[in-house]
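Asks: here is the input, now give the coordinates:
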Amino acid sequence: MSDTMPSLTDRIAALPGCDKTLARVLFGSALLALLLGLGFGWLTALGRAGVTGFEPLLAARLLTLHGVTVFFYWLYLAQAALLLVLAGAEQNCGGLALRPLAWVGCVLMLAGFAVSEISSIIGTPLLYDGGPALGRDDPAAVGWFSLGYLLLGAGLAVSSVSVIATVLSRPNSGTSEPLSAVGFALFAWAGFLIVSAIASVNAFLPSVLWALGLGAFPANQPTEWHILFHNLHYLPLMATVVVWYVLVQALTGVSSMHGSRFSKIVFASYLLFVPPTSLYHMFLEPNLAEGVRVVGSLLSLFVAVPTVMAFLIIVSSLEAHGRSHSSSGGFSWVRALPWKNPVMSAIACSALNLALGMTFAFVLIQEKVAPLLSDTFFVPGYFHFFAVGTVSLSFLAAMMVVLPALTGTLPWRPSLLNRMPALISVGLLIFGAAGIAAGFVGVPRRTFDISYGGDAPALWHTLMSAVGIGGTVFAIGLTVLVIGVARSLFQKIGDVTNQQPEVSWGNTPARASAAAWVGPLGVLVMVLAMAVFTVVAFELMNALPLIVIGGSGGHSH
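Replies: From the prediction side, this is the model:
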């Protein structure tokens, strides 16, 4: 951050009123989606734990509503809001370019939200991938459900055009490069959203046409879904590391020690590494050629490269800068970070949860293991480390910075909110450990009643009870955090502009000789854990008396 560049909160506070209103609508809608999805998910966890019973249709409806509301509308409304606000901040008081497009995008996304929720409540529950096979006898339900996703995709695409136009028109007087690293990241992020929106047309337009009697039954929808889902799986991770990059600089004043150009290369690498690695989502397709399976396994090894590189940039820059400005050495640079700020706590916990999620994701995407685990509770067990512990925590951290600047409020009870990321992570650890163990011993992931007439192992019920306990713990922490963040939308109680970094390192660059080994060591530990748990997975699954190969459900959550 240069001495002449206003702080992030100053730039957000200076946005035009119409841009602030748009952002507040999107952030408010995103938080509503999160609360609704959290409620549906908590009921699902209680049902899986046997605390309460649901008849099969209602159980499927709860699963559908949870997945649709959280994975699609919370994560993507939040991304649209953050993209627009950060792009406007890059403009440095100029506001959004092509502002009417941003508003049209907002209307389309909210219309999609309403259509998806209503169709999931009153129509045949199709689970969150909208598989038309489940609604073959109810074409109207398939059509409305798919229309909701098409509206969301259209809204994201239109809003992303406004974002791209904004960052490309950013005033750059006094700078030597056309785009900052953050501006380039926003450009790549928005482009990735547009590509995903196009993929959503391929996945869901045939279902709408079939429902209208204008096309054949969309038999290829599962394959198109796998391609779309791969992008949807990694877009939030790209968004997360961009958010980390922005927030760490805002909190500490530390920019990348590797330079803007290297950061741009890392952000661009998402477009290079992510699309070709989608093959592993198709490992359960019975007709997939063996050669394709082998290539998919090899490509899967590269899928985490951009996220790991971005993590290393952030941690190494903080470490080198902290060691350069600390006389006591050791881990004093860690202690100097602003740990009383809930934003810092959320970033740290999200990074730990990311490491846990990646460890078990690499177990699942191995070609020989995928058929054994993909239809078990292993999938929600590991996936919540990403969806809740990494992405949702990071987006809420960003909102704790952005919303007060937008509305002129002070954060609500920061000391209380500061404890919530750790509570959420503890709950996730219980939920995830029990869920992953349940997957290893064969507990199915989309079946609520797992007693099988008393024939199921007693261990199944014990593990799913732990899943319910862990889910309740992280749901409480997440609810408190959401309420605290949402209060900034409604109550004007102060002026938060002119905030300064909460550490005293200053803006001088790190010494070239400063050590930065914590990040690489963390990655090494994660890689070793991947190897260990992959071996454990093979041994445990081979020890089971019966192995059931999954159908074509793929890796959809």
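Asks: for the helix or strand containing Leu416, which positions count as buried?
Replies: Assessed by DSSP states H and E, Leu416 sits inside helix 414-417. Within helix 414-417, the residues that count as buried by 16 or more other Cβ atoms under 10 Å are Leu417. For the C-beta atoms, the positions are set from N, CA and C on the backbone; glycine is no exception.
Asks: only alpha carbons, please: show it as PDB.
Replies: Provided in PDB are the C-alpha atoms of helix 414-417 (Å, rounded to 0.1, in the frame of the first residue of the first chain):
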ATOM      1  CA  PRO A 414     -15.700  -7.500  18.300                       C
ATOM      2  CA  SER A 415     -14.400  -9.400  21.400                       C
ATOM      3  CA  LEU A 416     -17.400 -11.800  21.100                       C
ATOM      4  CA  LEU A 417     -17.000 -12.100  17.300                       C
END
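Asks: what sits up against it?
Replies: Residues from elsewhere that reach helix 414-417 (Cβ atoms under 8 Å, 6 or more residues apart in numbering): Lys340, Asn341, Pro342, Met400, Pro411, Val480, Leu481, Gly484, Val485.
Asks: CSV for those residues, including pLDDT, neighbour count and secondary structure?
Replies: Listed next are the contacts of helix 414-417 as CSV, based on pLDDT from 0 to 100; neighbours: other Cβ atoms under 10 Å; DSSP: H, G, I helix; E, B strand; the rest coil:
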residue, pLDDT, neighbour count, secondary structure
Lys340, 89, 11, coil
Asn341, 90, 20, coil
Pro342, 93, 25, helix
Met400, 93, 22, helix
Pro411, 79, 22, coil
Val480, 95, 17, helix
Leu481, 95, 26, helix
Gly484, 92, 20, helix
Val485, 93, 25, helix
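Asks: wait, which of the residues you listed is closest to Cys106?
Replies: Using Cβ to Cβ, Val485 is the member of the contacts of helix 414-417 that lies nearest Cys106, at 19.5 Å.
Asks: might one say that the closest one is in contact with Leu396?
Replies: Yes. Using Cβ atoms under 8 Å, Val485 is in contact with Leu396, at 5.5 Å.
Asks: quick one: low-confidence residue ranges for the stretch 301-450 of the chain.
Replies: Low-confidence segments of the stretch 301-450 of the chain (pLDDT under 70): 301-304, 321-333, 366-371.
Asks: all helices for it, in order.
Replies: 305-324, 332-335, 342-364, 370-373, 378-386, 393-407, 414-417, 420-440 (DSSP state H, counting those that start in this stretch).
Asks: packing partners for the longest one?
Replies: Translated: helix 342-364. helix 221-252, helix 305-324, helix 370-373, helix 378-386, helix 393-407, helix 420-440, helix 518-543 (3 or more Cβ pairs under 8 Å, 6 or more residues apart in numbering; DSSP states H and E).
Asks: and for the closest residue to Leu364 other than its chain neighbours, the neighbour number?
Replies: Nearest residue to Leu364, sequence neighbours excluded (Cβ to Cβ, 6 or more residues apart in numbering): Leu373, at 5.7 Å. Using other Cβ atoms under 10 Å, Leu373 has 26 neighbouring residues.
Asks: dump the helices of the stretch 301-450 of the chain to a markdown table, plus distance to Thr223.
Replies: Formatted as a markdown table, these follow (distance: least, Cβ to Cβ, whole Å):
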| stretch | distance to Thr223 |
| --- | --- |
| helix 305-324 | 25 |
| helix 332-335 | 46 |
| helix 342-364 | 19 |
| helix 370-373 | 16 |
| helix 378-386 | 19 |
| helix 393-407 | 30 |
| helix 414-417 | 43 |
| helix 420-440 | 25 |
